[in-house]
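here is a sequence with its predicted model. Questions after.
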Amino acid sequence: MPELPEVESARRLAERHLLEKTIEKVHTVPDAIVYQDVTPARFARALTGRKVQALCRKGKQLWMELDRPPSPGFHFGMTGSFHVYTSPSDRPRFWKVELLMDDGTRLCFRNVRRLGRLRLLHDPTAEPPVSRLGFDPLYEMPSVAAFSKAVRRRATPIKALLLNQSFAAGVGNWIADEVLYQARIDPRRSCTTLDSAELRRLHSALGRVIHTAVKADADKDRFPKTWLFHARWGKSATHTVRGEPIQFDTVAGRTTAWVPTRQT
DNA sequence: CTCAGTGTTCAGTG
DNA sequence: TCACTGAACACTGA
């Protein structure tokens, strides 16, 4: 699930249900992979009795500001999600931590494939992983001029740059493909070869795709019908878009869906 | 049974 | 040191 729009949707879910409430109890399961540099017991101890003051996100990183540091940090990996419920019997499989709030609300972090991470952060924005991120395309979109300058100085395929979190934080595989499709740029193109018209289209497509997906609350059914997204996966996937065939190649180590007749 | 996959990290290379 | 590449990680479901 989790690229920037999905993580933003999870942030808003947690904000709606946890803000200004006190964490009464924390339940954990042992998991030496998902708990990063912290034991479940220490994670639980840091959160218990604390009041939730803010829910923050940069790129795909999410953290909570409490009334006393440290902050719990959440990274969803490929399969992470937040779930909110009130009865413990609604706790989903593969949950890693559950917060019980003082009004009976429960929120858990679920992580099926264990590529997600739970951490304690003492100064969230100043330390890794957040400190290593580039601009967040929802909150911090640079001007066309600054964006173009930053892109042109890199020597890598444009798709690899879009996936690089130290460049644009929060862009993942399908968003990179969607942005390149809408900007009509071949994903294999080297950054150094993009002209100013292409950079303008790329800048605009990045801002538009992120903004539109966030506005739809990351709900796929509410994404515009014209998006490549719908044609590439699932039972409705046609593998053509506007009558033009979608080609699948590996670019930057990832499966890449693109339309050669449109992206040059 | 095999393998791809909405992500990140780290060792190796130039 | 820096930028970049590709394998490794973990596990489910097609």
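Cool, the structure landed.

report the contact partners of the closest residue to DNA strand B within chain A.
Here chain A gets closest to DNA strand B at one residue, A:G172, 1.9 Å apart by C-beta to the nearest atom of the strand. In short, each C-beta sits where N, CA and C put it, glycine included. When contacts are counted by C-beta atoms under 8 Å, 6 or more residues apart in numbering, A:G172 touches A:2-4, A:60, A:163.

near DNA strand B, which residues of the stretch 51-200 of chain A show up?
Applying C-beta under 7 Å from any atom of the strand, one finds that the stretch 51-200 of chain A approaches DNA strand B through A:59-60, A:75, A:77-78, A:113, A:115, A:128-129, A:132, A:163, A:165, A:172-174.

among those, name the buried ones.
A:59-60, A:75, A:77, A:129, A:163, A:165, A:172-174 (16 or more other C-beta atoms under 10 Å).

for the stretch 101-250 of chain A, which spans come out with low pLDDT?
A:234-236 (pLDDT under 70).

farthest-separated two in the residues of the stretch 51-200 of chain A next to DNA strand B?
Spanning the widest gap among these are A:P128 and A:W174, at 25.6 Å by C-beta to C-beta.

pLDDT at A:P2, what is it?
For A:P2, the model assigns a pLDDT of 86.

measure the closest residue to it other than its chain neighbours to DNA strand C for me?
Using C-beta to C-beta, 6 or more residues apart in numbering and skipping residues adjacent in sequence, the residue nearest A:P2 is A:F76, 3.7 Å away. Distance check for A:F76 against DNA strand C: by C-beta to the nearest atom of the strand, to the nearest Å, it reads 13 Å.

so A:F76 makes contact with A:S9?
No. Look at A:F76 against A:S9 with C-beta atoms under 8 Å: they stay out of range, at 11.0 Å.

the two: which is more packed in?
Neighbours per residue (other C-beta atoms under 10 Å) separate A:F76 from A:S9, with A:F76 holding more: 23 against 20.

residue contacts, that one?
Contacts of A:F76 by C-beta under 8 Å, 6+ apart are A:1-2, A:6-7, A:10, A:60, A:62, A:111, A:116.

again, only this time at 10 Å
Going by C-beta atoms under 10 Å, 6 or more residues apart in numbering, A:F76 touches A:1-3, A:6-7, A:10, A:60-62, A:82, A:109-111, A:115-117.

what about burial for those, which qualify?
Taking 16+ other C-beta under 10 Å as the criterion, what is buried in those is A:2-3, A:6-7, A:10, A:60-62, A:82, A:109-111, A:116-117.

just the ones of those residues in strands?
When the buried ones among the contacts of A:F76 are checked against strands (DSSP state E), the matches are A:61-62, A:82, A:109-111, A:117.

tell me which strands and helices the longest helix anywhere in chain A is in contact with?
Ranked by residue count under DSSP state H, the longest helix found in chain A is helix A:196-215. Helix A:196-215 sits against helix A:4-18, helix A:144-152, helix A:158-163, helix A:173-182, with contacts defined as 3 or more C-beta pairs under 10 Å, 6 or more residues apart in numbering; DSSP states H and E.
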